[in-house]
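Participant: Take this sequence and fold it.
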Amino acid sequence: MAPLSFDLWGKESHRGTPVVIKMENPNYSMVELDGPDFTTSSGKDGRGKNAKQLTWVLLLKAHKAAGCLSWIATASMALASAVSRRVAAGKTDSDTGNESENPKVRRRFYSCIKLFLVLSVLLLAFEIAAYFKGWHFAAERLQLQRLLRSPLGFVGVFDSLYLRWVFVRAEFLAPLLQFLADVCVVLFLIQSVDRLILCLGCLWIRFRKIRPVPKQPLREDPELGDDGLGFFPMVLVQIPMCNEKEVYQQSIAAVCNLDWPRSNMLIQILDDSDDPITQMLIKEEVLKWQQNGARIVYRHRVIRDGYKAGNLKSAMNCSYVKDFEFVAIFDADFQPSPDFLKKTVPHFKDNEEVGLVQARWSFVNKDENLLTRLQNINLSFHFEVEQQVNGIFINFFGFNGTAGVWRIKALEDAGGWLERTTVEDMDIAVRAHLHGWKFIFLNDVECQCELPESYEAYRKQQHRWHSGPMQLFRLCLPDIIRSKISFWKKANLIFLFFLLRKLILPFYSFTLFCIILPMTMFVPEAELPAWVVCYIPATMSFLNILPAPKSFPFIVPYLLFENTMSVTKFNAMVSGLFQLGSAYEWVVTKKSGRSSEGDLVSLLEKEPKHQRKLSVPNLDFIMKEDSLQQKKRESGKKHNRIYRKELALAFLLLTASARSLLSAQGIHFYFLLFQGISFLLVGLDLIGEQIQ
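Facilitator: Residues are numbered from 1 along each chain as shown. Below you'll find the predicted structure:
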């Protein structure tokens, strides 16, 4: 057979005298290795160069290399110093006993990533040694058929081991890795098409100016009654909360200022707090508004089972609930505008099939830090594209758990609140949809709320949001199959709503970009084309950022951060799918209460003077408690937390980027480098607010 040439770094020119080695085997093949470069400057390439010029060139290259090495050494020392400070002054993700991940699962997951890292480091050292030996094996021209089992003809053990590694890599590892890569690419393309269709649907809605309109506009005179001229039904307003000391005032004040006849509205404060001070503060706030004339009651459960679902279920069992037709639900950090009910409740008028009217969220702290800016991009796309398109075209979407108004009959028809998952809002929405109820999403009605400002809080929130849907999918799949809804609605629920957007998205995002891509650097026979690594992700990120055009400068950090978060989402998805222990844990998202100060002052200024006098003692007590808490926050030290999985993946990706640099793969190197840096920043908890 003709001798084959191997050029691992894609260089076409030979650097030295070729050495031809013949290996006997049932299938004979020839391997050509490039030997060291013994050419002199008198050859063709060295024409016109004298010794002095070559000396200056070598000195310049040596100076540049020394500067690069010095920078690398300085950066490495700074990184090591940062890690040591984090370990000494901070905590790792395993130091807390209230972590949202099962310790055994966390250890296994971390061990797998660490194993990939160790293998990558060893392979990188192997490839660097081969590089300095002058061996250049081009993956695209690698056509090994068989290699001789005996290392005859080679000098040294390393030569034999390296060629055997090339053989194993080409014959066994590359086909498997390429198959996994192709599967993930297909899933990636399917998900990208789904996202593109959603964006086109959103553009169509904007172009045609489609929006839900109530069949009859609301008349402002409640005395007209329910005779077709006025529509002020009985509305129950619920605020479930648990240890929400930072934000309870703003939410209670906001719902008490809702522009709705007081005789037709009752507010329930559903407090699950286990902190006596917090309970006392909330009771004082409720008492203040009762003295101001608001119809508001305080409820506290002795047995706190079922988290938020159990809290809502307990409240709906009250005897007076039968007098109400609708229920509006707001989380503790939400601040509905005074006309919220007037914009949402009329959509139920003369439309008996509507079971839910959902408003979109807006965020008071979206510009607080980089983390909140990136969350705003994600959630803006979720509401303006996903929720709006699904609401307009198929009358179904996942209830967001807050800022929505339910028809109580729809809740009862669906079986009420169940405590079987940590996504009780999605659970009740799916069951109501299976019973034929329709949903309306109002993109032009906003309800202000707060985004998590620390990575720890955001990470725990995302774990719950991605493990719960997988629990629910296991539980609801038989009901979906047996339901009487149409085949297309069943397909939408199973394939699009659950599998594609809740399971496939975190699976391929983590597997393709965090595992397969770095592994292809060490198994170059398996390739990921540039359009998979760069062009398609960039296009999808551009589409995601369209609903928040002011965030366009953050498109690259958004792309990198979404891949970084895929670790948490993938881990949560596996926990929920296989019913692991961490899937049932609920951690209340920490809030800062930044949005409460100005809003509370403005609300208090609107109150009449005689009403404000009644609440002076309560406000004084609250102000004292707030000042004490502020002093504690100022005196307490903030710390960063170390996230080991993110750090391990950071070093894995940076190792793969070093291997990509040797092979001069261009776009792959830059992607791996910046993605590794992104994981490093998150692993050292350098994004978002620090933890008190």
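Participant: ok now do residue 301, which residues does it touch?
Facilitator: Taking CB atoms under 8 Å, 6 or more residues apart in numbering as the criterion, residue 301 is in contact with 270, 272, 310, 311, 314. C-betas here are computed from N, CA, C, even on glycine.
Participant: now residue 373, nearest residue through space, not along the chain?
Facilitator: If you skip the residues right next to it in sequence, residue 373 has residue 554 as its closest partner in space, 5.6 Å away by CB to CB, 6 or more residues apart in numbering.
Participant: pLDDT, secondary structure and neighbour count for the contacts of residue 301 - can I get that in CSV?
Facilitator: Listed next are these as CSV, based on pLDDT from 0 to 100; DSSP: H, G, I helix; E, B strand; the rest coil; neighbours: other CB atoms under 10 Å:
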residue, pLDDT, secondary structure, neighbour count
270, 95, strand, 21
272, 91, coil, 21
310, 93, helix, 19
311, 94, helix, 26
314, 93, helix, 19
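Participant: pretty sure the residue nearest to residue 373 contacts residue 378?
Facilitator: No. Under the criterion of CB atoms under 8 Å, residue 554 makes no contact with residue 378, lying 11.2 Å away.
Participant: what is in contact with those two at once?
Facilitator: Among the neighbours of residue 554, none is also in contact with residue 378 (CB under 8 Å, 6+ apart).
Participant: before we move on, the earlier item: what about the residue nearest to residue 373, how many neighbours?
Facilitator: Other residues within reach of residue 554, judged by other CB atoms under 10 Å, total 18.
Participant: Then residue 171?
Facilitator: 14.
Participant: any idea how far it lies from residue 564?
Facilitator: Using CB to CB, to the nearest Å, residue 171 is found at 34 Å from residue 564.
Participant: same thing with residue 183?
Facilitator: On the measure of CB to CB, residue 183 and residue 564 end up 22 Å apart.
Participant: go on, residue 268?
Facilitator: As judged by CB to CB, residue 268 and residue 564 stand 39 Å apart.
Participant: Look at these two and report which has more neighbours.
Facilitator: Each of residue 268 and residue 564 had its neighbours counted (other CB under 10 Å), and the higher figure belongs to residue 564 (27 against 24).
Participant: what's the pLDDT at that one?
Facilitator: Reading off the confidence values, residue 564 has pLDDT 94.
Participant: what packs against the strand or helix carrying residue 189?
Facilitator: Under the criterion DSSP states H and E, the helix or strand holding residue 189 is helix 174-208. Using 3 or more CB pairs under 8 Å, 6 or more residues apart in numbering; DSSP states H and E as the contact criterion, the secondary-structure elements in contact with helix 174-208 are helix 388-393, helix 505-510, helix 517-522, helix 536-545.
Participant: mean confidence score for the last one?
Facilitator: Here helix 536-545 scores 92 as its mean pLDDT.
Participant: And for it, what's in contact with it?
Facilitator: 188-189, 192, 195-196, 199, 377-378, 381, 513, 551-552, 554-556, 558-559, 562.
Participant: Which ChimeraX command selects the buried ones in those residues?
Facilitator: Buried members of the contacts of helix 536-545, defined by 16 or more other CB atoms under 10 Å, are picked up in ChimeraX with:
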select :188,195,199,377,378,381,513,551,554,558,559,562
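Participant: residue ranges of the helices in the stretch 151-300 of the chain, please?
Facilitator: Applying DSSP state H, counting those that start in this stretch to the stretch 151-300 of the chain gives helices spanning 157-168, 174-208, 248-256, 276-291.
Participant: Quickly compare those and say which is most buried.
Facilitator: Mean neighbours per residue, mean count of other CB atoms under 10 Å, is largest over the helices of the stretch 151-300 of the chain for helix 248-256, with a mean of 24.
Participant: helices or strands next to it in the packing?
Facilitator: Using 3+ CB pairs under 8 Å, 6+ apart, the elements in contact with helix 248-256 are strand 235-241, strand 265-271, helix 276-291, helix 596-606.
Participant: For residue 306, find the nearest of the ones you listed.
Facilitator: If you check each of these against residue 306 by CB to CB, strand 235-241 wins as the nearest, at 11.1 Å.
Participant: Tell me the strands beside that closest one, with direction?
Facilitator: strand 265-271 (parallel), strand 326-329 (parallel) (DSSP bridges).
Participant: rewinding a little: make CSV out of the helices of the stretch 151-300 of the chain and add distance to residue 444.
Facilitator: As requested, the helices of the stretch 151-300 of the chain are arranged in CSV below (distance: least, CB to CB, whole Å):
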stretch, distance to residue 444
helix 157-168, 61
helix 174-208, 12
helix 248-256, 19
helix 276-291, 29
